[in-house]
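Colleague: Here's a sequence, model it:
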Amino acid sequence: MSPRPVLLAAAVSVALCGTASAQESEAATIRTDRANATYTIGSGARIAERLPAPTDTSDVELQPRVVGWTGDRVPVAPEGFTVTKYADGLDYPRWLHQLENGDVLVSEARTAPQEDQTEVLDRSRAYGPSANRITLLRDTDGDGTPDVREVFATDLNQPFGMLQQGEWLYIAVTDGLWRYPYTAGQTRLEGEGEKILDLPAGGYNNHWTRNVVANADGSKLYVTVGSASNVGEYGMDEEARRAAILEINPDGSGERIFASGLRNPNGVDWEPTTGAMWTAVNERDEIGDDLVPDYITRVQDGGFYGWPYAYYGQNVDTRIQPPRPDLAEKTLVPDFAVGSHTSAMSLNFYQGEQFPALYRGGAFVALHGSWNRRSFAGYKVLYVPFENGTPTGEAQTFLSGFITNDAGPDVYGRPTHIYGLRDGSLLLTDDAGDTVWRVAYTGG
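Modeller: Just a heads-up that it's a prediction; the model follows:
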C-alpha cells in the first residue's frame, strides 16, 4: 500500500549509535519478526491459503505523526552493527544511486497535494512543495561520512530513480525518463538532456514514483510505474501502461510491458545466484487490517500479479466491476509476503563481504509503514534469508526503533530506500526524517 500524508517535525540532530560485538553464528543476534505472522508475513504460497475474509476498512485511518530524531536516538540494529547519520538536513530524500566513481546521488521530492489536504499541509511535509532536486554526496577520505555535498540537479519533475550506464545518466521523473551525458567526477548535471520515454504522471497517493534499473549487460532498461488508483476506481482506461514494469532499449525505443498487475512496484533488484529480477510491491487498501499483504517477488517475463482484479492467486476483489475471471485465473502468487499495509518500498540483495555470513545473499526490505490499519505495521527494515534464489525461513527484523509504539501515532522517521554501497555498508533513506542512515558491521 502507499501511505497518505505524514506529520513531520523539524530537522533531526546528528547522533551515533555503537553496538556490542556478536559472533556470526549466534542466531540470537537477529530478532525474528513474528508481527502479523498469522496472515501476512512469510511464504506467499502459504499466506495465500490463510488469508482472512475481506472487510470494509475504508474508514480506518491511523496516520503517523513524525516527531523526529532527537538526542542520541537512532534506528536500532542487531548487535555488532553501528548506525550513523550519513547525511541529514535533506528535503524528503527518497532514492539513492552510487555512481561508478563512488559518489552517491540522493533524489529529493514530495507528493503533490490535493485540494482537500489544506489541514495536512499545515502539519506535514510529506505532501506539499517539492524540492525536485538531486544532491551529490562524496566521501573523499573513505571514513564513511561524506565531506563533499553539492546540489547536482534542480527543477526536475519529481525525480526518483537514477541510473548510470557508462557515459549516460538516467533520471526517472514522474512523467518520463531522461538521459543526460555524464563525465566521472562532475558535481553538477551538465549538457542537454533528452526525454527518451514519456510516462503517465502522478498516481494514487504516492504512486508518482518511477524507478529505473538495467539488466546485467545493460542491453535493456526497466521502468516501474504505479497505479493511478487504489483499485481501478477511475476506470481502467486511466491505468494504461501503469501498475507495471516496462522494458525499453537504452535509447527509449522498443517499449513493452515486462510484467503487469503490480499495483505499485518501487524497489527492483537482481537476485545474485539466479540473475532473476525481484520487486517490492505495495498492495491495495481498505479491505481489512490483514488484507492485502505487501510482498517481494521474482518478476516473470509476461507475468500478471492480479491488480486490480485479484490478489495472491485467485482471490477475487469483488469491488472491481466488471470482473475479469480470465485475469484472476492467471494471477501469480507472489513469493514472499512482508505484512499487510507495511508499504514495501525497496529491497536490496546483500552482495558485500562486510556483514556476517548470516546476512549474505538474502534481501533487505524497507517497510515505509502503514496508515490504513488499526495499529501500526511496517516502519522497519526486514532481512529475508535466501537459498538457491528462494526465500527460506522467517523474515527477521534488521532495523527497528522508528515508532514509539504499535498503537501510534508518533514515529521518529520512515524507512524508504535500502541500498548497498560497494564498501559493504548499507544506506537507508528516511524521507520523513530528512536523513540518510549508514549501517556498518563493526563487531568482532
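Colleague: How many residues are close by Gly361?
Modeller: 17 (other Cβ atoms under 10 Å). For every residue, glycine as well, the C-beta is placed using N, CA and C.
Colleague: which phi and psi does it have?
Modeller: Dihedral pair for Gly361: phi 90, psi -20, per degrees, to the nearest 10.
Colleague: That one against Pro272, yeah?
Modeller: Yes: with contact defined as Cβ atoms under 8 Å, Gly361 and Pro272 form a contacting pair (6.7 Å).
Colleague: tell me, what's touching the two both at once?
Modeller: Residues touching both Gly361 and Pro272 by Cβ atoms under 8 Å, 6 or more residues apart in numbering: Phe349, Gln351.
Colleague: just for the stretch 1-150 of the chain, where's the confidence low?
Modeller: For the stretch 1-150 of the chain, the stretches with pLDDT under 70 are 1-39, 114-125.
Colleague: show me where it has strands.
Modeller: For the stretch 1-150 of the chain, applying DSSP state E, counting those that start in this stretch gives strands covering 16-17, 31-32, 41-43, 65-66, 81-87, 93-98, 104-108, 133-138, 148-153.
Colleague: and of those strands, who's closest to Asn211?
Modeller: Asn211 sits nearest to strand 93-98 of all the strands of the stretch 1-150 of the chain, at 7.1 Å, using Cβ to Cβ.
Colleague: Now do that closest one: which elements does it pack against?
Modeller: Strand 93-98 is packed against strand 104-108, strand 162-165, strand 415-420, strand 426-430, strand 435-441, with contacts defined by 3 or more Cβ pairs under 8 Å, 6 or more residues apart in numbering; DSSP states H and E.
Colleague: Distance to Gly261 and mean neighbour count added to those, as JSON lines?
Modeller: JSON lines is the format used below for the helices and strands packed on strand 93-98 (distance: least, Cβ to Cβ, whole Å; neighbours: other Cβ atoms under 10 Å):
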{"stretch": "strand 104-108", "distance to Gly261": "27", "mean neighbour count": "24"}
{"stretch": "strand 162-165", "distance to Gly261": "24", "mean neighbour count": "19"}
{"stretch": "strand 415-420", "distance to Gly261": "24", "mean neighbour count": "26"}
{"stretch": "strand 426-430", "distance to Gly261": "27", "mean neighbour count": "27"}
{"stretch": "strand 435-441", "distance to Gly261": "32", "mean neighbour count": "24"}
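Colleague: Turn those strands into JSON lines, columns for distance to Leu156.
Modeller: Listed next are the helices and strands packed on strand 93-98 as JSON lines, based on distance: least, Cβ to Cβ, whole Å:
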{"stretch": "strand 104-108", "distance to Leu156": "8"}
{"stretch": "strand 162-165", "distance to Leu156": "10"}
{"stretch": "strand 415-420", "distance to Leu156": "17"}
{"stretch": "strand 426-430", "distance to Leu156": "17"}
{"stretch": "strand 435-441", "distance to Leu156": "19"}
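Colleague: Determine which of those approaches Asn282 most closely.
Modeller: The closest of the helices and strands packed on strand 93-98 to Asn282 is strand 415-420. By Cβ to Cβ, the value is 12.4 Å.
Colleague: ok so, going back, turn the strands of the stretch 1-150 of the chain into TSV, columns for distance to Asn348.
Modeller: What follows is these, written out as TSV (distance: least, Cβ to Cβ, whole Å):
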stretch	distance to Asn348
strand 16-17	21
strand 31-32	19
strand 41-43	18
strand 65-66	24
strand 81-87	15
strand 93-98	10
strand 104-108	14
strand 133-138	18
strand 148-153	22
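Colleague: ok, now which ones touch the residue lying farthest from the centre of the chain?
Modeller: In terms of distance from the mean C-alpha position of the chain, Pro322 ranks first, at 31.5 Å (Cα atoms, centre = their mean). Pro322 is in contact with no residue at all, counting by Cβ under 8 Å, 6+ apart.
Colleague: how near is Leu428 to Phe402?
Modeller: From Leu428 across to Phe402, the span is 10 Å (Cβ to Cβ, to the nearest Å).
Colleague: This completes my enquiry, with thanks.
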